[in-house]
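Enquirer: Predicted coordinates and the sequence they were generated for:
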Amino acid sequence: MNELRGLYAITDSQLLEGGRLLPCVEAALRGGAKLLQYRDKSSDAARRLREAEALRELCLRYGAQLIVNDDLELAARLGVGLHLGQGDGSLAAARALLGSRAIIGATCHARLELAEQARGEGASYVAFGRFFDSQTKPGAPAASLDLLEQARARCRLPIVAIGGVSLDTAPALIARGASMVAVIHALFGVAEPAEVERRARAFSALFD
Ligand SMILES: Cc1ncc(COP(=O)(O)OP(=O)(O)O)c(N)n1
Ligand SMILES: Cc1nc(C(=O)O)sc1CCOP(=O)(O)O
Ligand SMILES: [Mg+2]
């Protein structure tokens, strides 16, 4: 499995509507994204399956890993990774179903004890946030850079930082111990795939 370090791109159905999903995701992968999360809150199961299959194919082509948000059944059907928030179901059950090689991530907000628990239940990475103002999820609980430093010191899993991550804010997160930065708006909130690729390259270069 690839090292969990670098850009973690997360899709957004509103930002990527109108046929933009695949060209913009391909641009992010061309720009070096290592993980791609399919985050779609709709209940259109047929479309979700179709889109996730297409994303799995793209990830395969670019050597990246696909993670499905929230939906254990879809992740199991496609044989890909899964991200679970608090309240999205049992991490231990997901690990049992997806197997030891699957990448499974857990939302820990700003709480170190949740990271410890997630590690015990088989998480591959822990995600903390939101670190900055987020256009995508403005109401997510806030986390501080100090928390990130404490997590780095105490937590033996790769750490994902999320929430308001931009090319301006990412360097501080990486300096304080983030293994990956998870980005929606600052990556996909632009019109042209070429600009998505440029931004992905710039995020990826922060990890060199
Ligand atoms: C990498 C990463 N970190 C955190 C989240 C948030 O998960 P959750 O709290 O379950 O919220 P939703 O994304 O489901 O709205 C995430 N998706 N990815
Ligand atoms: C999906 C999500 N979860 C968060 C958390 O803090 O758990 S913040 C967030 C949104 C991230 O999008 P953007 O890069 O546009 O801020
Ligand atoms: Mg969730």
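Expert: Structure received. Numbers count the residues shown, from 1 in each chain. Ligands and ions are numbered 1, 2, ... in the order given.

Enquirer: For the rest of this, base every contact and every neighbour count on C-alpha atoms.
Expert: Will do.

Enquirer: for ligand 1, what are the nearby residues on the chain?
Expert: 69-70, 84-85, 107, 127, 162, 182 (C-alpha under 6 Å from any ligand atom).

Enquirer: which ones among these come in contact with ligand 3?
Expert: Restricting the residues of the chain next to ligand 1 to those touching ligand 3 (C-alpha under 5 Å from the ion) yields 70, 85.

Enquirer: Tell me the one of the residues of the chain next to ligand 1 nearest ligand 1?
Expert: The closest of the residues of the chain next to ligand 1 to ligand 1 turns out to be Gly85 (C-alpha to the nearest ligand atom; 3.1 Å).

Enquirer: Next SSE downstream of the lengthiest helix in the chain?
Expert: Determined from DSSP state H, the single longest helix within the chain is helix 45-62. The first helix or strand that comes after helix 45-62 along the chain, using DSSP states H and E, is strand 65-69.

Enquirer: What helices and strands are in contact with that following strand?
Expert: Using 3 or more C-alpha pairs under 8 Å, 6 or more residues apart in numbering; DSSP states H and E, the elements in contact with strand 65-69 are strand 35-38, helix 45-62, helix 72-78, strand 81-84.

Enquirer: where along this protein do the strands fall?
Expert: Listed in chain order, the strands of the chain (DSSP state E) span 6-10, 35-38, 65-69, 81-84, 104-107, 125-129, 159-162, 180-183.

Enquirer: Distance to Gly18 and mean pLDDT for those strands - can I get that in JSON lines?
Expert: Shown next, in JSON lines, are the strands of the chain (distance: least, C-alpha to C-alpha, whole Å; pLDDT from 0 to 100):
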{"stretch": "strand 6-10", "distance to Gly18": "17", "mean pLDDT": "99"}
{"stretch": "strand 35-38", "distance to Gly18": "16", "mean pLDDT": "98"}
{"stretch": "strand 65-69", "distance to Gly18": "21", "mean pLDDT": "98"}
{"stretch": "strand 81-84", "distance to Gly18": "25", "mean pLDDT": "98"}
{"stretch": "strand 104-107", "distance to Gly18": "29", "mean pLDDT": "98"}
{"stretch": "strand 125-129", "distance to Gly18": "29", "mean pLDDT": "98"}
{"stretch": "strand 159-162", "distance to Gly18": "26", "mean pLDDT": "98"}
{"stretch": "strand 180-183", "distance to Gly18": "20", "mean pLDDT": "99"}
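
Enquirer: a markdown table for the ones you listed, including distance to ligand 2 and mean neighbour count?
Expert: Below are those laid out as a markdown table (distance: least, C-alpha to the nearest ligand atom, whole Å; neighbours: other C-alpha atoms under 10 Å):
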| stretch | distance to ligand 2 | mean neighbour count |
| --- | --- | --- |
| strand 6-10 | 8 | 27 |
| strand 35-38 | 10 | 25 |
| strand 65-69 | 9 | 26 |
| strand 81-84 | 10 | 27 |
| strand 104-107 | 6 | 25 |
| strand 125-129 | 4 | 26 |
| strand 159-162 | 5 | 27 |
| strand 180-183 | 4 | 27 |
